[in-house]
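*Asks:* Show me how the following folds:
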Amino acid sequence: MLKTLRQALQIDDIRRKIIYTFLMLIVIRFGSQLPTPGVDPTYIQNFFSEQTGDAFNFFNAFTGGSFTSMSVFALSITPYITSSIIMQLLTIAIPKLEEMQKEGEEGRKKITAITRYVTVALALIESGAMAIGFGRQGLLVEYNFVNAAIVVLTLTAGSAFLMWIGERITENGVGNGISIVLLINILSRIPQDFSTLYEQFVQGKGLAKGGLAAIIILLIILVVVVFVIVLQGGERRIAVQYSQKIQGRKTVGGQSTHIPLKVNTSGVIPIIFASSLMQFPIVIASFAGKGNGTGIGSEILRGLNSANWCNPDNIKYTWGLLVYVLLTIFFAYFYTSITFNPLEIANNMKKNGGFIPGIRPGKPTVEYLNKILKNVIFIGACGLVIIQVIPFFFNGVFSAQVSFGGTSLIIIVGVVLDTLKQIESQMLVRNYKGFLNS
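*Replies:* All right, here's what the predicted structure looks like:
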């Protein structure tokens, strides 16, 4: 990785892209410190200190702490991520959007424009919910229509500006702009998390006990990171053979290739879906000022709260973790089933004279792909569950409260590896052009 960066910095145009990306990241972190007008920052900080779960901690990690301080970037790019997922699902469900996607570059531009409008609409809804829900409870210095409107417009503009920065990084920087914006927000919280772990398990424990605790913490993080790298890079390669065809005086085809089917085909989407569904009732209860009672509704909310999972003193609430695991596996199958179409792949192979060795074209190929896909999805879902459950276990048993979890680690590793691959491809293209010019 360091060798790749060192070689990239020696190339003028790639060095300019890296510097441009770095400057944009500075703008993001600067904006994360700008307070939203009319907001009492101490209210949201006190609110967070009273929370025991990750209903908002999950969101705060994605915003790089901007949500806690209620800065102008408090919404971060979460509205864009949500709108992108919505558009991806709608592309499968709505034929017109599916046709747009198949139109090539022009179609993708139209879908991108629609995604931007949906992002702004979601930002307006989310900021409006916060301005009204928290504003009545003390978030606003003075709760009235003007102050609420200022907060809504500020947070919406901040989210749209971050979306614009992400697109600029994609065009003028190293690429992968939206993911890099999300990455820098997550990374900005890690020093504080390590400081919390140090104060809780190492500081004042003595050299032997504190040193052992530090080694164990580093080993656990290292093992999880390595496991994430293996999960992200693992793939099932399905061999494909193309028959020879004669076109005019030329013979084409006859080559062997493969279909790379990633083990983690759905990425972090199942975790995001499952976490959002689990935490939605808690968020609504927090807006309404409920959830601390003694009724059955409060008991259900405590079970949905991840802070109560794996806690030896309240082991009964760990049923929520089992529900979470089942939801993650379900969404892994659901999301992959709508984004990976074995029938379409089989038809394309048949049209181009391709076939899987030992499998007849047509229906047998579809059945074979479905069988392989189900096995791969199950392995990937189990990997996601292991990565996500490990932080919950240590948070519950040892009260190690940190903002980064399995989702954050998957995003960090995935974005870093993808960005390095893009830089390497840009270096390869540049060297190839230089070879042709020479």
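*Asks:* can you pull out the helices in the stretch 301-438 of the chain?
*Replies:* Assigned by DSSP state H, counting those that start in this stretch, the helices in the stretch 301-438 of the chain fall at 319-339, 342-351, 363-398, 406-437.
*Asks:* Lowest average pLDDT across those helices?
*Replies:* For these, mean pLDDT drops lowest on helix 406-437, to a mean of 73.
*Asks:* other SSEs contacting that one?
*Replies:* Under the contact definition 3 or more Cβ pairs under 8 Å, 6 or more residues apart in numbering; DSSP states H and E, helix 406-437 sits against helix 2-9, helix 12-31, helix 177-187, helix 207-233, helix 269-288, helix 363-398. Quick note: C-beta positions are derived from backbone N, CA and C, even for glycine.
*Asks:* For the ones you listed, give me CSV that also has mean neighbour count and distance to residue 155.
*Replies:* Shown next, in CSV, are those (neighbours: other Cβ atoms under 10 Å; distance: least, Cβ to Cβ, whole Å):
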stretch, mean neighbour count, distance to residue 155
helix 2-9, 12, 35
helix 12-31, 15, 12
helix 177-187, 22, 15
helix 207-233, 14, 32
helix 269-288, 19, 16
helix 363-398, 18, 29
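*Asks:* Now distance to residue 316 too, for those, in JSON lines please.
*Replies:* Listed next are those as JSON lines, based on distance: least, Cβ to Cβ, whole Å:
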{"stretch": "helix 2-9", "distance to residue 316": "49"}
{"stretch": "helix 12-31", "distance to residue 316": "42"}
{"stretch": "helix 177-187", "distance to residue 316": "32"}
{"stretch": "helix 207-233", "distance to residue 316": "26"}
{"stretch": "helix 269-288", "distance to residue 316": "17"}
{"stretch": "helix 363-398", "distance to residue 316": "12"}
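*Asks:* Please name the nearest non-neighbouring residue to residue 308.
*Replies:* residue 317 (3.8 Å; Cβ to Cβ, 6 or more residues apart in numbering).
*Asks:* For the chain, give me the ranges with low pLDDT.
*Replies:* Within the chain, the segments meeting pLDDT under 70 span 1-2, 4, 48-61, 244-254, 286-294, 401-406, 430-438.
*Asks:* can you rerun that using 50?
*Replies:* 52, 433-438 (pLDDT under 50).
*Asks:* Can you tell me what sits against stretch 127-137?
*Replies:* Stretch 127-137 is contacted by residues 43-44, 47, 74-75, 139-140, 143, 147-148, 151-152, 154-156, 159, 287, 289 when judged by Cβ atoms under 8 Å, 6 or more residues apart in numbering.
*Asks:* Next, the buried residues of that stretch.
*Replies:* 127-128, 130-135 (16 or more other Cβ atoms under 10 Å).
*Asks:* Residue 422: which of those residues is nearest?
*Replies:* Checking the buried residues of stretch 127-137 against residue 422 with Cβ to Cβ, the nearest one is residue 127 at 32.4 Å.
*Asks:* Check which helix or strand that closest one maps to.
*Replies:* helix 105-133 (DSSP states H and E).
*Asks:* between that helix and helix 269-288, what angle do the directions make?
*Replies:* Inter-element angle recorded for helix 105-133 and helix 269-288: 30 degrees (by axes from the mean of the first three to the mean of the last three Cα atoms, to 10 degrees).
*Asks:* Having no further points to raise, I will conclude here.
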